[in-house]
Structures are given as structure tokens and as C-alpha cells.
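Enquirer: predicted structure and sequence below. I'll ask about it afterward.
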Amino acid sequence: MVKQAGFTNLSGERPTAIVNGELVALDLLVIRGLRGTLIPANYDLHSIPNEMCASDHIPVVAEIVLE
């Protein structure tokens with residue numbers, strides 16, 4: 001549905017949350033009419049929440065540029 005609406009999901013299948021101890025791609029980072037690049041971030045995905053990520057959601061960062 002996201003693609004049909006003309007949006008690009010920058011996070012793809014990258015894990016964005018931990019549900020019942022499993023890494024899942026739950027959240028979306030979508031853009032339309034812009035160019036974006038996902039910025040890789042190294043987190044210890046097996047010990048979230050932790051000091052770097054106090055939530056069970058994993059931070060996703062992207063650089064977005066006007067076309």
C-alpha cells in the first residue's frame with residue numbers, strides 16, 4: 001500500500017522493534033518526492049532496551065534531500 005501511494009519505505013525490512021524477544025520490521029520511515037538514504041547505525045539489538053536505546057523500538061535515521 002505504501003508503494004502504491006507513491007511512497008518509498010527507507011527502512012525496508014530493517015528491524016525497528018523487538019516484539020516478544022524477536023526483531024521485527026514494525027515501523028515505517030517513508031518519503032515521497034524526495035531522495036533519502038538510510039544511515040546505518042550499530043546498536044546491540046539483542047539487549048534493547050539499554051542505555052543507548054531506552055525503548056523497545058530501534059532508532060532509524062535517514063538523510064533526506066530535496067530533488
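Expert: It's in.
Enquirer: next, count neighbours for Val65.
Expert: 9 (other CB atoms under 10 Å). C-beta: built from backbone N, CA, C; applies to glycine.
Enquirer: state the mean pLDDT of the helix or strand encompassing it.
Expert: According to DSSP states H and E, Val65 maps onto strand 61-66. Here strand 61-66 scores 82 as its mean pLDDT.
Enquirer: ok, now stretch 14-25?
Expert: The model assigns stretch 14-25 a mean pLDDT of 83.
Enquirer: go on, stretch 28-37?
Expert: 86.
Enquirer: which positions within that stretch qualify as buried?
Expert: Leu29 (16 or more other CB atoms under 10 Å).
Enquirer: dump that stretch to PDB, keeping only the CA atoms.
Expert: Presented in PDB, the C-alpha positions along stretch 28-37 are these (Å, rounded to 0.1, in the frame of the first residue of the first chain):
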ATOM      1  CA  LEU A  28       8.000   2.600   8.600                       C
ATOM      2  CA  LEU A  29      10.100   5.600   7.500                       C
ATOM      3  CA  VAL A  30       8.500   6.700   4.300                       C
ATOM      4  CA  ILE A  31       9.100   9.600   1.900                       C
ATOM      5  CA  ARG A  32       7.500  10.800  -1.300                       C
ATOM      6  CA  GLY A  33       9.000  13.300  -3.800                       C
ATOM      7  CA  LEU A  34      12.400  13.300  -2.000                       C
ATOM      8  CA  ARG A  35      15.500  11.300  -2.100                       C
ATOM      9  CA  GLY A  36      16.600   9.500   1.000                       C
ATOM     10  CA  THR A  37      19.400   7.300   2.300                       C
END
